[in-house]
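**Student:** generate a structure from the sequence data that follows.
(3 chains)
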Amino acid sequence: MPTDPAKFKVAKEVSRKDILLCLTRVPETKRLFAGSSDGCVYHFDLAGEKTEPVAMEGHTGYVTGVALAGQQVVSGAYDGQLIWWDAESRAKVRGFKAHDRWIRNVVASRDGKLVASVADDMVCRVWDTATAKLKHELRGHEAMTPTHFNSMLYACAFSADGSLLATGDKVGHVVVWDLATGKSLATLEVPEVYTWDPRARIHSIGGIRSLAFSPDGTQLAVGGMGKVGNIDHLEGKPHVEVFNWRKQERVAKFSGDKAKGLITHLVFHPQGDWLLGAGGDGKGLFLFLDVNSGKVLREESALSHFHKFALDESGTRIFTAGHNKLAFWEAAA
Amino acid sequence: MNSHFCGSSEHDVSRRDFLRTLGAGAGLATAGIGAVHSFAAPSLNDTLKANGKSVILLWLAGGASQLETWDPKPGRPTGGPFAAIPTSVPGVHISELMPQMAKRMKDICVIRGLNTKNGDHGGAAQLMMRGRLDEAALRYPDMGAVVARELSRADSKVPDYVSFYTASEGRDFSRQGSSFLGARYSPMKLAESMVPPNLKRLESISDMDHHARAELQELINSQFVAGHATGPVKSHANAYARVHGLMSSETLFDLSQESTKAREAYGPTLFGEQALMARRMVEAGVPFVRVSRAWWDSHGQNFETHQEMVPELDRVMSALHDDLKQRGLLERTLVLAVGEFGRTPAINASLGRDHFANAWSTALFGCGLKGGAVFGKTDKDGQTVVEDQVGAGELFATVLAAIGVNPKKEYQVGARPVPLVNPGIKPITQLLA
Amino acid sequence: MFLLPMKFVVAGLAGALFAVALPVEAASSPPGSTTFFEEKIRPVLADQCFKCHSARSTKLKGGLRLDHREGLLKGGENGPAISAAKPEDSLLLKSLRHPDKDLRMPPDAPLSDEVIANFEKWVKAGAAFPETTASTAPAKDAKPWWDTLADKDLLPADRPMAQVVDHYIAAKLTQAKAKTAPAASDANFIRRLTLDLVGRIPTTAEVRAYVAATEPDKAARLVDRLMSSPGFVRHQVTEFEWLLNEGQGTGFREYLTRAIGEGRRWDRVFKEVITGDTATPETQGADAFLRARAKDLDKLVTDVSVRFFGVNISCAQCHDHPLVPAWKQDHYYGMKSFFSRTFEHGDFVAERDYGTISFKTTAGETKEARLMFLSGEAVSEPPTPELTEAQKKEEKKLLEETKKNKQPAPAPKFSRRALLPEASLKPGHEGYFARALVNQVWLRLYGHGLVMPVDQMHGQNLPNHPELLQWLARDLVQHDYDIRRLMRGLVLSAAYARSSQWSDGARPDPGLFAVAQPRALTPQQVGASLQFAVTGPDAFKSTAKPEEQAKFIEQVERTGQGWASSLERPGDDFQVGVDEALLFSNNDRIQRELLSLSGDRLLKVLLDLKDNRELATAAVWNVLSRAPEPRELQAIVTYLDQRTDRPTEAARQVVWSLLTSTEFRFNH
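**Tutor:** You can find the predicted model right below:
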């Protein structure tokens, strides 16, 4: 019986002074690691009354990627550093400068053996978790936009079996990589998520902000924001496209109706019941999407801007990290 | 002039001479030395450097963030994600987004204590362009018009005041103009096209006829003008007399005359090209050029926007600096980068910053301004000015003083003396040589 | 008292800031001194605290008043703000420094350390708080500045106006021992008059007919013919639309067309524009002036003063006028009070029947403004009603409803605004209005006002011909504020008809009216005149009925208006910009619209002429409304003769050089 998206309600909210930009969850628990605008990774336990955040200090910039890989947590930040932490002792294991420019996301394969980081140097680096050795250096994104400004590489995602990796950049270019060879298998273009305003404001907004493979690895969901009129604000409609990436065919295209803003994170329900996107325009937003029917199951504005979230194994709990806020959502039985 | 421009290398020389002559004419004239022989090339460049000053205003419309440029607060909750980097001036740090300007800091002045109070685009743009707010019945001329009026000369063959503003957002916010100084000092506005309207001769009229008919017009005018020698009448004849000079400055607007190296330095963006054009213009003696870069109004995604736009500003501004310096024009050209206001230290939920006029920054260089000087200071979170606060009036007065115009000078508007800046407003002497 | 709009507060602050800007040597004043208080403390109190803690607070916060010393000592709900016994423990100082945002004062942004230090010094030194000194109230019986002569000493009222003009001008010329320019030629005169009265150059036929006419009163006949033509109303509407409303406002042109078309009294027009009552068909559109300004009452009051009374009192907004002792802040705010209840209501202008304004004097005192006309006379009005909460709610609901339904708000029971025409037009006070109108019309016809600048009509800036202004104003008032009568009289004087040419050394002072002033054409005059200049002479010669002819003239005029938007409206010290010269030199509209070869265009007509002399002569006549001078003729013919291989282009360039000549661009 698939979880009815209508049943999700806020079960717990934690107010923060900082901005929580990313999170990862320890399986089968309510323990979270979240990256903060103050340069720390925080450990939270939402099981008890008190969340008892524990700060892990090491970065000197916004922490924008955090991934649990086996017994280790790997975080990445705007300072270009990747830091390995012991998940239990929360002690720093190692840290080094991994990219020349801002790291935008860090993800781990499900088995925890690989960690991937993407950054504004437009390179995706794949690391052996255990040794921190560089396994692949994936270069498939232009450094400059067609109008001669620096591009950005915001998003990356592993397939469930860990054999594929997808990366997506500011102008809407996606590359699917074969991790066995480090070669590109396919590319996709999603220009709708990038708005270059040549006339009124002469700069841009948007970009691919989220990617997710379907559980079977055949589909790839791409998230961001649709075309924007006034790029001073996040006023475009949330935008998600799903592809059969091997055939380079789009199978579904979703656009929010009520809420506005970016889709900053996408996750498929573990059983494939639905696809969940979250993000916002200052306010937070959820989009529950049915890829088969192409329908939006639920669209919800809530709390403040979500940067990343985690969905539990059963698909009944959502943990969100966002602007001044950490929250825990539960689908009522 | 057409015959000179057939493209052979021999004529390249005369083309350069021609440009020099243009500039030199204006420069020499300011010093009161008479006519210039067009072919007295070698010494001209030196004369040009020593004379007439110019201003290039890089107008950062929409409001660039001081925290992502000149007054970073790394590590503070308001600081945002960018680091601060050291500069060529020990102890002075600016945003990591400006590594090129950091290297040139020894030549740059930064004002970190602007408090201009007005956070509305239109009102603030007018305030910054005019140095004060209008009165209900008196509209003040803007900086460009005042500089044009003070530094141009009647028979100049180049425009007095050129304003580039290509983005449509905010283009009319500052309602640029010369007000009581008259149309002579209104900006030549370049919006959609990089070349001014009506500068090119119609194909249907030959160059010869174009000149011949002007002679005929002059002849018809001569008796009338002599018998009606009033200011307005003379201004009409004078406006037509300037037409051919201006038309011959058409090459000014032709960037293909610049070397690949120069074009590369400024970069391929519109802002870069217009800044390069501005350099060409001040070289030829245009007293005031405004190059607008719009639109910085990053209510959402402030950091993405600044990540995109500040490196461009860094490149263009440093290229302009180097170019002026190499050509020996830095001593007589003032470059000011400012918009209508800065942005809030508070970061909003869409990772944006909003309008903020209480504690923001600007940078300026050239014309003997004290390089490396940092004037004014904000508190640790950038919320208030805690030292050496200045407003739009002081900035306006400082620009005037740096180019040798006394800000206390008065215009007579009807029965009323109107000083160039409001009474009591003084230039920032600490920045002046 | 209704809620003070922010602007009023700001206006008051400007006063405060100005006060601190004056003495620069303030740093050394001791903290116990009045100077210290006036410079360092009062402005901050006014700026940061008075909104919530003073007589002018709409809602007094915490029961605390900070606008007098007793208020500070007595304190509010939390006790005294300053402690005389232990000054350093004063609540005032604590709240200025309080780290908690909710307890800090002022709440929005903490004061700078420097300012707080000043407060500490001030409190420790005993918190001196001098009583305010009021700015001198204007004397009620202040004599209007223009009373130069007793009425009986003026020329008799029944003397023809043109004679009166020449009498007074001649008297001054004699006194100044100045020479005068000769009378303008007939061709010159009809061009000038046609431009002034109907806004275009005359046709060749009109000029030739006038030159040929021999009647001794041909000038008066011409004036009457032009003033009775439809073009007169059109042109005067354009001019007054600019004078009053910068050529804008929905329905205003139609309103003025009705008013000027029927010869409406100008005091009535003034009344209708100020009250903005559009109830009757005749007054529809009269509210455009108010509509354009209701959002900005400072602009409204300044524009009313400048445009209807010839005084610019905006300086007195922040301080008593520096140049004109007669203008106090009381005048500014007195005038503003007429409009203080006016507000924008959707597409309409509405007015409340309650509400007053207060302002801040340079001494820092807050004063409630009294309804007062420029003459200094306070205007009495019924007591200002205080609204109950229920009434306020009721009002708000009604306003919201009418706004939603796009209806006007109900009229107030009593209108302050309607008192202004009454107060300013009553005998003994109407001089402001009448003189301003005379001066504005005079400036337009003579190129230099009887008082210059026209918005500086005051005792420190006397008229160049005071008796003449006085006589003309009296005539205007006695003859129903009839602007046609005024214009007719002014254009029939010998002074108006003088040549504008002056070759005998420096031009005399324009205020002597010894020579006519060349005046730059308005954009509308340029537009219409260009079309008349390039329309072949025969096009106007049709034997068609007069109505058809009038229609054709209107059509030609109208075709030219496309040019008007490209040109700047001339003001004082107008200068032609180079963009205009570039436009006329290189824009292909010139070729297409003015120099085309089609139909009845001048160029076509010229090319049909066989002889170059004939061609040159016809071209000069058509464009410059006169015969060519011999040397012009020779120059043009030489030009044409050298280009026999391309006669069309040659003729085209000749017409261009005439159209773009300085002579054409001016009314001379």
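
**Student:** can you give me the first-to-last residue distance of stretch A:267-281?
**Tutor:** Criterion CA to CA, to the nearest Å; first-to-last residue distance in stretch A:267-281 is 19 Å.

**Student:** what residues sit buried inside that stretch?
**Tutor:** Using 16 or more other CB atoms under 10 Å in any protein chain shown as the test for burial, stretch A:267-281 gives A:Val267, A:Phe268, A:His269, A:Asp273, A:Trp274, A:Leu275, A:Leu276, A:Gly277, A:Ala278, A:Gly279, A:Gly280, A:Asp281. Heads up, the C-betas are built off the backbone N, CA and C, glycines and all.

**Student:** what parts of the stretch 151-300 of chain B come near chain A?
**Tutor:** Taking CB under 8 Å from any CB of the partner chain as the contact definition, the stretch 151-300 of chain B meets chain A at B:166-169, B:267-271, B:293-295, B:297-300.

**Student:** gap between the residue nearest to B:Gly170 when sequence neighbours are not counted and B:Val195?
**Tutor:** Distance criterion CB to CB, 6 or more residues apart in numbering or on different chains; nearest residue to B:Gly170, sequence neighbours excluded, is B:Ala61 at 4.7 Å. With distances taken as CB to CB, to the nearest Å, B:Ala61 is found 22 Å from B:Val195.

**Student:** same question, A:Asp79
**Tutor:** Distance of A:Asp79 to B:Val195, given as CB to CB: 46 Å.

**Student:** of those two, who's got more company?
**Tutor:** Set side by side, A:Asp79 and B:Val195 give different neighbour counts by other CB atoms under 10 Å in any protein chain shown, the larger being at A:Asp79 (21 against 13).

**Student:** among the residues of the stretch 151-300 of chain B next to chain A, name the ones in helices.
**Tutor:** Using DSSP state H, B:Leu270, B:Phe271 are the members of these that sit in helices.

**Student:** flag every buried residue along stretch C:80-98.
**Tutor:** Buried-residue list, stretch C:80-98, by 16+ other CB under 10 Å: C:Pro80, C:Ala81, C:Ile82, C:Ser83, C:Pro87, C:Ser90, C:Leu91, C:Leu92, C:Leu93, C:Ser95, C:Leu96.

**Student:** the last one looks like it's in a helix, true?
**Tutor:** I take that to be C:Leu96. Yes. Note on C:Leu96: a helix contains this position according to DSSP: H, G, I helix; E, B strand; the rest coil.

**Student:** for the chain, where's the lowest mean pLDDT among helices and strands?
**Tutor:** No chain was given, so I picked chain A. With mean pLDDT, DSSP states H and E as the measure, the helix or strand of chain A carrying the lowest mean pLDDT is strand A:295-304 (a mean of 93).

**Student:** switch to chain C, please.
**Tutor:** Taking mean pLDDT, DSSP H and E as the measure, chain C has helix C:6-21 as its least confident helix or strand, at a mean of 31.

**Student:** distance from the chain centre to the helix or strand hosting B:Phe224, please.
**Tutor:** Following DSSP states H and E, one finds B:Phe224 within helix B:207-227. Shown here is helix B:207-227, whose average C-alpha point lies 35 Å from the average C-alpha point of the whole chain (CA atoms, centre = their mean, to the nearest Å).

**Student:** does chain C sit close to it?
**Tutor:** Yes. Between helix B:207-227 and chain C, judged by CB under 8 Å from any CB, the touching residues are B:209-210, B:212-214, B:216-217, B:219-221, B:223-227.

**Student:** please work out the average pLDDT along that helix.
**Tutor:** Confidence over helix B:207-227 (mean pLDDT, whole number) is 92.

**Student:** now do stretch C:208-228
**Tutor:** Looking at stretch C:208-228 alone, the average pLDDT works out to 97.

**Student:** can you give me the helices in the stretch 551-668 of chain C?
**Tutor:** Under the criterion DSSP state H, counting those that start in this stretch, the stretch 551-668 of chain C carries helices at the ranges C:561-564, C:578-586, C:588-589, C:602-607, C:612-624, C:630-641, C:647-659, C:662-665.

**Student:** that should have said the stretch 151-300 of chain B, apologies.
**Tutor:** Counting by DSSP H, counting those that start in this stretch, the stretch 151-300 of chain B has helices at residues B:207-227, B:231-241, B:243-248, B:260-266, B:270-283.

**Student:** can I get the ones you listed in CSV with mean neighbour count and distance to B:Thr87?
**Tutor:** Formatted as CSV, those follow (neighbours: other CB atoms under 10 Å in any protein chain shown; distance: least, CB to CB, whole Å):
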stretch, mean neighbour count, distance to B:Thr87
helix B:207-227, 18, 52
helix B:231-241, 21, 47
helix B:243-248, 19, 41
helix B:260-266, 15, 20
helix B:270-283, 24, 21
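
**Student:** which secondary structure state does whichever residue of the stretch 201-333 of chain A sits closest to chain C sit in?
**Tutor:** Of all residues in the stretch 201-333 of chain A, A:Asn324 sits closest to chain C, with a separation of 16.4 Å (CB to the nearest CB). Remark: A:Asn324 carries the secondary structure label strand [criterion: three-state DSSP].

**Student:** ok, and the closest non-adjacent residue to it?
**Tutor:** Leaving aside its sequence neighbours, A:Asn324 is closest to A:Arg16 (5.1 Å, by CB to CB, 6+ apart).

**Student:** identify each buried residue in the helix or strand hosting that neighbour, please.
**Tutor:** Take DSSP H and E as the rule and A:Arg16 turns out to sit in strand A:8-25. Judged by neighbour count (16+ other CB under 10 Å), strand A:8-25 contains these buried residues: A:Phe8, A:Val14, A:Arg16, A:Asp18, A:Ile19, A:Leu20, A:Leu21, A:Cys22, A:Leu23, A:Thr24, A:Arg25.

**Student:** check contacts around the residue nearest in space to the middle of chain C.
**Tutor:** With the centre of chain C defined as its mean C-alpha position, the nearest residue by CA atoms, centre = their mean is C:Arg307, 4.1 Å away. When contacts are counted by CB atoms under 8 Å, 6 or more residues apart in numbering or on different chains, C:Arg307 is found next to C:Leu243, C:Leu244, C:Ala436.
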